[in-house]
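# Test case, fold it:
(2 chains, ligands or ions: 2)
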Amino acid sequence: MSELNQAMAARYRNDFLREVEANVEEGHWVRMCMQCGVCAGSCPLGPYWEHPPQEIFMMIRANKREEVLASSSMWMCTSCYNCIVRCPRGLPITHIMHGLAHYAARLGLAPKTQPTRRFAEMFWDNLMKKGRVNELKLGLGLYFMNGFAEGVKTALAKRPIGQAMLRAGRMSPMELVRPHKVKDIQGLKAMIAKARELEEARTTGGSAG
Amino acid sequence: MAEKRRYSFYPGCSSQKSASSSNYLVSTQAVCESLDIELNEIPDWNCCAASIGYAKGGELPRLALSARNIALSEQAHPDQDIVATCAACWLATRETQERVQADPELRREMEVVLEAGGLKAEFRKPVRHMVEVLVEDVGYEAIREKVTRPLEGIKIAGYVGCQTNRPFGIAGESFENPVYLDKMVEAVGAEPVEHYEKKVQCCGGALMFSEPEKCQAMVKDIIEAAYDGGAEMIVTPCPVCQMNVEIYQDEINKRYGTRFRMPVVYYTTLMAVAFGRSAKEAGLDGQVIRAEKLEQIAGK
Ligand code: SF4
Ligand code: SF4
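Ligands and ions are numbered 1, 2, ... in the order given. Purely as a prediction, here's the structure:
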């Protein structure tokens, strides 16, 4: 268990709703949910969710801390915003899902092998290197995320797609040698470091409230 | 002739040269040229983190990425609206603008963050999608007037997808049945599929990489509904929709025993061809599934 997780569990003892309100992006909205089920019924990956959004909100109020944070559910969100435009109470559900996912990852509770989690991390790391996403490296990294042998297999299986993109001029091997990049990458990185510092101060440094 | 319209342009990572939607950029440039629209690229812009960066980038770091682009735009093009072609870029930038405007505490934090990069911003500019520029500033009538090669006899399914439609959407359009793509299809002389049932269905977005089976099942429905409506091609405003619906058709055919071969193009591709531009300027060479009918018209 991570130190941060222990500290947070101790700080909010038995009040997971309050913990979510204070630490999760847009978490203060959770209390507004009236359990109508519209979001769950609107979700394109609905049938695959361990717990659809409505259930997640209920579980937060029922204090099921570990069950929520360790769930793969939030990682099933495709960011389609169907739930947001339909929720009669106006909850920013998509953002809460992203927020819960991020918080679970910070606490070290998010499922480590969940593929979308891993892809999301790779995406962020990729964009932080040069300030812009390198699609080719991202794609290659994706194929090799389950180890080298597996990667060679996937890369071969996906070869027709890669070749078609190459032929259509929508992918270039040059991205490996001379990638697109932000000139003032130092400035960008300084900004992100500052943003991270302020955000962490909100949770770890903030008072228990 | 009307005065030149000028915008501060945010192309986004997928539109860069040789990137997955570089053909979107090519056709957009052609259309803008024909309509006397000037796109001024935001100098040294960075990635917006799309909708998937959240695992590592918390709220403030994610919003900071867009804040930097906004600051650079204010500096370089102080009196021009920001315009994006990619749905995710538009959404992230507009959301940052609105959240900072609405939340004084967030604004204070963002000012500190920008300062660390030697920047500052007022967060006052409208952040718009290229579709808004075409519909609101240019208008269907002016688009119609530019058509020299009407796309007659082609039936096209307007696939709007998610993020150009939600949560912001195009003013005056419904989330459940937006019709601006259909109107664009009509304006260039083609025929829109009426009641295209999967018009706002999610394509899976970035989850196409991590949950391919589930997302391919959704894309199968999107293509099938287009065939059911009698469509010969699909048109979309979104780079992710375009890619997800176009390039996995072979895999879907293998998985489901279907025989899909449905071209998926951008609205800008349609306009560029109808405006008399060459196949190359319309970005037709960027199709993985070739849009042969459009090639024929462009070759005339
Ligand atoms: S649609 Fe809104 S109010 Fe209804 S269950 Fe979902 S979050 Fe709660
Ligand atoms: S935004 Fe996420 S939670 Fe909401 S309907 Fe779409 S996939 Fe489901």
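
# Please report the distance of residue A:30 from chain B.
As defined by Cβ to the nearest Cβ, to the nearest Å, residue A:30 lies at a distance of 16 Å from chain B. C-beta coordinates here come from the backbone N, C-alpha and C atoms, glycine included.

# ok, residue A:65 touching residue A:17?
No. Counting by Cβ atoms under 8 Å, residue A:65 stays clear of residue A:17, with 9.9 Å between them.

# who has more neighbours, these two?
residue A:65 (22 against 18; other Cβ atoms under 10 Å in any protein chain shown).

# just the strands in chain B please.
Along chain B, counting by DSSP state E, strands occupy B:5-10, B:37-41, B:82-84, B:127-129, B:155-158, B:191-192, B:233-236, B:264-266.

# The last one near chain A at all?
I take that to be strand B:264-266. No. Using Cβ under 8 Å from any Cβ of the partner chain, strand B:264-266 never reaches chain A; the gap is at least 12.2 Å.

# For that strand, name the packing helices and strands.
helix B:22-34, strand B:233-236, helix B:239-247 (3 or more Cβ pairs under 8 Å, 6 or more residues apart in numbering or on different chains; DSSP states H and E).

# Sheet-wise, list the partners of that strand with their directions.
Its sheet considered, strand B:264-266 pairs with strand B:233-236 (parallel) by DSSP bridges.

# what does chain A have sitting close to ligand 2?
Residues of chain A lying close to ligand 2 by Cβ under 6 Å from any ligand atom are A:42-45, A:53, A:77-83, A:93-94, A:97.

# for the helices and strands packed on strand B:264-266, which one ends up most surrounded?
strand B:233-236 (a mean of 27; mean count of other Cβ atoms under 10 Å in any protein chain shown).

# residues making contact with that strand?
B:154, B:156-161, B:181, B:184-185, B:222-223, B:226, B:242, B:245, B:262-267, B:269-270, B:291, B:293-294 (Cβ atoms under 8 Å, 6 or more residues apart in numbering or on different chains).

# let's see it at 7 Å
Strand B:233-236 is contacted from outside by B:154, B:156-159, B:161, B:181, B:185, B:226, B:242, B:245, B:262-267, B:270, B:291, using Cβ atoms under 7 Å, 6 or more residues apart in numbering or on different chains.

# What average pLDDT does it get?
Averaging pLDDT along strand B:233-236 yields 96.

# how about low-confidence regions in the chain?
Just so you know, I chose chain A. A:1, A:134-159, A:162, A:165-166, A:170-179, A:204-209 (pLDDT under 70).

# To clarify, I was referring to chain B.
In chain B (pLDDT under 70), the answer is B:1-2, B:15-19.

# Which part of it gets nearest to ligand 1, residue-wise?
The minimum distance from chain B to ligand 1, using Cβ to the nearest ligand atom, falls at residue B:167 (13.5 Å).

# Next, the contact list for that residue, please.
Contact analysis of residue B:167 by Cβ under 7 Å, 6+ apart lists A:81, A:84, A:85.

# where's the last one, which helix or strand?
In this structure, residue A:85 is located in helix A:82-86 according to DSSP states H and E.

# who does that helix touch, helix- and strand-wise?
Where contact means 3 or more Cβ pairs under 7 Å, 6 or more residues apart in numbering or on different chains; DSSP states H and E, helix A:82-86 is packed against helix A:38-42, helix A:93-107.

# any residue of the helix or strand following the last one up close to chain B?
Same thing as helix A:93-107. Sequence-wise, the next helix or strand downstream of helix A:93-107 (DSSP H and E) is helix A:115-130. Yes. Counting by Cβ under 7 Å from any Cβ of the partner chain, chain B is contacted by helix A:115-130 at A:115, A:116, A:117, A:119, A:120, A:121, A:123, A:124, A:125, A:127.

# tell me which of these is nearest to ligand 2?
Nearest to ligand 2, judged by Cβ to the nearest ligand atom, of the residues of helix A:115-130 next to chain B is residue A:116 at 11.1 Å.

# Is there a neighbour count for that closest one? I'd like the number.
Neighbours of residue A:116 (other Cβ under 10 Å): 22.

# what do you get for residue B:150?
Residue B:150: 14 neighbours (other Cβ under 10 Å).

# I'd guessed it sits against residue B:276; true?
No. Counting by Cβ atoms under 7 Å, residue B:150 does not reach residue B:276; the two are 10.7 Å apart.

# residue contacts, the nearest residue to residue A:71 once chain neighbours are set aside?
Nearest-residue entry for residue A:71: residue A:50, 5.5 Å, with adjacent residues in sequence omitted and distances by Cβ to Cβ, 6 or more residues apart in numbering or on different chains. Residues counted as contacts of residue A:50 (Cβ under 7 Å, 6+ apart) are A:71, A:72, A:73.

# Quick check: phi and psi on the closest residue to ligand 2 within chain B?
Here chain B gets closest to ligand 2 at one residue, residue B:202, 6.4 Å apart by Cβ to the nearest ligand atom. Residue B:202 has phi and psi values of phi -70, psi 140 when expressed as degrees, to the nearest 10.

# Now do the strands in chain A.
According to DSSP E, chain A contains no strands.

# Pipe the strands of chain B into JSON lines and attach distance to residue B:93 per row.
JSON lines is the format used below for the strands of chain B (distance: least, Cβ to Cβ, whole Å):
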{"stretch": "strand B:5-10", "distance to residue B:93": "6"}
{"stretch": "strand B:37-41", "distance to residue B:93": "14"}
{"stretch": "strand B:82-84", "distance to residue B:93": "6"}
{"stretch": "strand B:127-129", "distance to residue B:93": "5"}
{"stretch": "strand B:155-158", "distance to residue B:93": "24"}
{"stretch": "strand B:191-192", "distance to residue B:93": "29"}
{"stretch": "strand B:233-236", "distance to residue B:93": "20"}
{"stretch": "strand B:264-266", "distance to residue B:93": "20"}
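
# burial measure for the closest residue to residue B:120 other than its chain neighbours, as a count.
Nearest residue to residue B:120 in three dimensions, chain neighbours excluded: residue B:114, at 5.5 Å (Cβ to Cβ, 6+ apart). By the criterion of other Cβ under 10 Å, residue B:114 has 21 neighbours.

# do the same with residue B:254
10.

# Equivalent analysis for residue A:184, please.
Around residue A:184 there are 18 other residues, counting by other Cβ under 10 Å.

# pretty sure it is touching residue B:44, no?
Yes. With contact defined as Cβ under 7 Å, residue A:184 reaches residue B:44; the gap is 5.8 Å.

# what's the closest non-adjacent residue to the residue of chain A positioned farthest from its centre?
Centroid-distance maximum for chain A: residue A:167 at 32.6 Å, with Cα atoms, centre = their mean. In space, and not counting its chain neighbours, residue A:167 is closest to residue B:288: 7.9 Å by Cβ to Cβ, 6+ apart.
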